[in-house]
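In: show me how the following folds:
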Amino acid sequence: MHITKPTEQNKSRTSLKKNSLALLYSALFLCLLILASCAPKQKKASVPSRIICLSPSAAEIVCAIGAFSSIAARTSFCTYPEEMSTVPSVGGFDGKSLSVEKIMSFKPDFVYGADGMHNAIARQLELLGVTVYLGNGADGIDETLAEIEYISALLEKDSEGKKIIQHIQEQIQSVPKSVPIQSVYYEVWSEPFITAGKNSLIHDLLEAAGYKNSFGTLNESYPMISEESILARQPDIIIVPDMNGTSIASIKSRNGWEQIPAVKNSRIFFIDADLVSRPGPRIADAVAALSNLENSRAYLPEK
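Out: Prediction:
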């Protein structure tokens, strides 16, 4: 095969093309740099500094991660920790009783409430340009930990949040479990009878404390149940929140309840309602308190 050697003229043309392409690429690259420098820069989202806590657990979480100074207002049910009493109140906990005008008077940049309780007022506040977050920690322990993690990141308190989560997990793991496992009927309310189903924080707390929730097969978080279903389950233990208004005498006087093991063996206890119902940094304390009920002799009063 005969190969023609490139002439000097061809070499010159090839070199010129290469140089032209190099100049073109350099020009394009320079244009891109100029355009990038002229493009509007996205502002970093500011950390909320005027928070309104609509739920007690919201206040507890914000305080626990060290952001108390960012709370502008609270509801009258946000009572823990003690310093919350120094914060102005916007009213009651129920979303239906809260005033949008009252909340807006505090010029909030972040409103922190509870899913299922504050949905209606959340929509009104969002229409006014306020950022709203509704926590779902009441659905269980995992949801509570995820909520703490989210709020910690939002308020740039990641380190504090991680420490709280780790402490909760370690404390729950260290709680001694009852052997054999005891069945528990947790009475949220008695008129009508309401208990804790499997998609609730209280169910998770009972299981973490080593108990079997008598109504843990029900999907609803806090279902209404019949008295007959309670009698049929024959719980070993009955636990009642201390704000329920029930007494041991009234439970013993219920028709047919004398045949329930918990009643026959006087294993009816009360528990701090705030401790077990608030999905926040104290849930490990709730598990420990539930586990230690018999040792603490936390019986309901006779009257």
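
In: read off the pLDDT value for Pro180.
Out: You'll see Pro180 listed with a pLDDT of 83.

In: now do Ala39
Out: For Ala39, pLDDT reads 48.

In: please enumerate the strands of this protein.
Out: Applying DSSP state E to the chain gives strands spanning 51-53, 71-74, 110-114, 132-135, 183-186, 189-190, 193-194, 212-213, 237-241, 268-271.

In: packing partners for the fifth one?
Out: Yep, that's strand 183-186 we're talking about. The helices and strands touching strand 183-186, judged by 3 or more C-beta pairs under 8 Å, 6 or more residues apart in numbering; DSSP states H and E, are helix 201-208, strand 212-213, helix 227-233, strand 237-241. In short, each C-beta sits where N, CA and C put it, glycine included.

In: where does pLDDT dip in the stretch 101-250 of the chain?
Out: 179 (pLDDT under 70).

In: what's the distance between Asn292 and Asp285?
Out: 11 Å (C-beta to C-beta, to the nearest Å).

In: again, but for Gly245
Out: 24 Å.

In: looking at the two, which is more packed in?
Out: Asp285 (14 against 11; other C-beta atoms under 10 Å).

In: the nearest residue to that one once chain neighbours are set aside: neighbour count?
Out: Leaving out its chain neighbours, the residue that sits closest to Asp285 by C-beta to C-beta, 6 or more residues apart in numbering is Leu275, at 6.2 Å. Using other C-beta under 10 Å, Leu275 has 20 other residues around it.

In: so what's Leu275 up against?
Out: Residues counted as contacts of Leu275 (C-beta atoms under 8 Å, 6 or more residues apart in numbering) are Arg282, Asp285, Ala286, Ala289.

In: what does Ser57 give?
Out: Neighbouring residues of Ser57 by C-beta under 8 Å, 6+ apart: Ala114, Gly135, Gly137, Ala138, Thr144, Arg278, Pro279, Gly280.

In: for Ser97, give its distance to Val62.
Out: Taken as C-beta to C-beta, the spacing of Ser97 relative to Val62 amounts to 22 Å.

In: could you do Trp189 as well?
Out: Taking C-beta to C-beta, one finds Trp189 at 29 Å from Val62.

In: Ser277 now?
Out: 18 Å.

In: one step back: and Ser97 and Val62? Which one has more around it.
Out: Using other C-beta under 10 Å, the more surrounded residue of Ser97 and Val62 is Val62, with 27 against 10.

In: residues in contact with the more buried one?
Out: Ile51, Cys53, Phe68, Ser70, Ile71, Tyr112, Ile151, Leu155.

In: understood, closing this out.
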